[in-house]
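In: Pasted the sequence and its predicted model underneath.
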Amino acid sequence: MAYYNNKREPVPEVETSIWSCTSDDCSGWMRENYSFDKEPACPLCKAEMEKEVRTLPKLD
């Protein structure tokens with residue numbers, strides 16, 4: 001990480017496939033490549049999940 005005038009260098013962001021919880025009462029989500037199931041259940045409320053794309057910080 002580089003610093004310039006006590007400010008961090010911005011983290012690059014990329015479009016990332018995720019699983020998002022379908023329950024209105026839950027905001028759970030996970031990166032698709034971190035799931036072992038083809039169609040995972042929400043780890044927080046066990047509801048069904050659907051695929052989405054979000055812009056997230058890049059992980060190395």
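Out: In hand now; what should we look at? No experiment lies behind these values; they were computed from the predicted model shown.

In: When you work out contacts or count neighbours from here on, use the C-alpha atoms and nothing else.
Out: Noted.

In: Poorly predicted segments of this protein, please.
Out: 1-6 (pLDDT under 70).

In: all strands of it, in order?
Out: With DSSP state E as the criterion, the chain has strands at 3-4, 7-8, 13-21, 29-31, 49-57.

In: Would you mind telling me which of the ones you listed is nearest Pro40?
Out: Nearest to Pro40, of all these, is strand 49-57, at 6.5 Å by Cα to Cα.

In: If you count contacts, what does the closest one end up packed against?
Out: strand 13-21 (3 or more Cα pairs under 8 Å, 6 or more residues apart in numbering; DSSP states H and E).

In: The strand it packs on pairs with which strands, parallel or anti?
Out: strand 29-31 (antiparallel), strand 49-57 (antiparallel) (DSSP bridges).

In: For the shortest one, buried residues please.
Out: What it means is strand 29-31. Trp29, Met30, Arg31 (16 or more other Cα atoms under 10 Å).

In: Kindly reformat those as TSV containing distance to Pro40.
Out: Converted to TSV, the buried residues of strand 29-31 look like this (distance: Cα to Cα, whole Å):
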residue	distance to Pro40
Trp29	10
Met30	10
Arg31	11
